[in-house]
Structures are given as C-alpha cells and as structure tokens.
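Enquirer: Sequence first, then the predicted structure, then my questions.
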Amino acid sequence: MQRLTFHRYLERYVRSLSHFKTNNIYKLVKEVPNNLRIREPLLLYAYSFDKVDRLLKASVNCSECSEYTNLTDKYSWSELLRLLEENDTRLGILYRKVYKSYISRRNMPDTENDVRRLIHKKSRELQVNKGVSNYRLYTDLNLNHGNVNAYLKHGDISKVKKETAENILNYLKAL
C-alpha cells in the first residue's frame, strides 16, 4: 500500500468536509461562510494543486476568506510546507492542526503495527504463564488455525487484525 501524501490527504479531506462532497474551488468558497471548518484546508488544498489564483478570484467577496490574500502574498507553497513541518507559530493553529491531522493519518498503519506487536508480546507472556495452547485459543475463539499459529508462534502480526489480537489478549487475561 502506498504511503499517504499531503497532496492526496488534502484532496480527500476537503472533499469530506464539503457538504456537497466536491473539490470545486468555487463551490467550496461559497460553502465557507456556513462551514468554517473548510477554510484552512481549502487554502492548503489550493496551494497543493496550484489553484491559488482560482481561489483568490473566487474568494473576493468572501469576508471569511480575507486572510487568503495575506498568506498567499507572504508565503510560497514550499515556505508554507516548511512552516507546517516545523509547527511554526506564524501560521495559525488551524493550519497547523490540518498538518498534524495528516501526520497522524499517514502514520496510522505504523502505530497500529506497534500496538499489535505490544499485544502479541503480552499475549505470549500470558499464554506461557497460564499454559494455554494455541489449539485451545483458536478453538475457543473460533479463529483461523494457520493465522493464529503464525501470529503466536512466529510473531507475524500481519496475520491478525488488531481486534483479533485484542480478543486473544482479553481471553488470556480472563483465564
């Protein structure tokens, strides 16, 4: 699976915030007065897709979008990205929040894998201490034998979902 880019994240995020599920700059600017959550992501989206001129033209009569001109005069896209990466306070908290949300979303698979590794370690400790066989685990929990064996014996965390790993751990704790 490809790693999420800021570019693609912004495209999806703006569309998900839009009441009309669109990426059309003109429609999005019309939405801003009634949907202020879209204001900051919209500017970052326009920068990312090289649509700043279109955004500025569309937002001429939008008082909620007045900061767009100021920011676009001050920063290029590369400078803006650098400030976001550095969590610079010159950018408003809402712009930094969009970037932090992206980082969190981008790193989610790694975080989930770390959690599954920790659950595996704790499960193995409990399994050994309580003398529970793999057979008993996958029979009692009605799980796939091959996947549970690969997970427990070899530590292959890709063989079970996080929820399944949690179920195994909870089962072992309950014994």
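Expert: Now that the structure is in, tell me what you want to look at.
Enquirer: in which helix or strand would I find the residue nearest the centre of the chain?
Expert: Against the mean C-alpha coordinate of the chain, by Cα atoms, centre = their mean, the closest residue is Arg105 at 1.5 Å. Take DSSP states H and E as the rule and Arg105 turns out to sit in helix 93-106.
Enquirer: Pull out the buried positions in that helix.
Expert: Residues Tyr95, Arg96, Val98, Tyr99, Tyr102 are the ones in helix 93-106 that count as buried (16 or more other Cβ atoms under 10 Å). C-beta here means a position set from N, CA and C on the backbone, and glycine is covered the same way.
Enquirer: same for it, what does it pack against?
Expert: Helices and strands touching helix 93-106, by 3 or more Cβ pairs under 8 Å, 6 or more residues apart in numbering; DSSP states H and E, are helix 6-17, helix 39-48, helix 77-85.
Enquirer: could you dump the shortest one to CSV, C-alpha only?
Expert: By that I understand helix 77-85. Below are the C-alpha coordinates for helix 77-85, written out as CSV (Å, rounded to 0.1, in the frame of the first residue of the first chain):
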residue,chain,number,x,y,z
TRP,A,77,3.9,26.7,-1.2
SER,A,78,7.4,25.4,-0.2
GLU,A,79,7.7,28.0,2.6
LEU,A,80,4.3,27.2,3.8
LEU,A,81,5.1,23.4,3.9
ARG,A,82,8.3,24.2,5.8
LEU,A,83,6.4,26.2,8.4
LEU,A,84,3.9,23.4,8.7
GLU,A,85,6.6,20.8,9.2
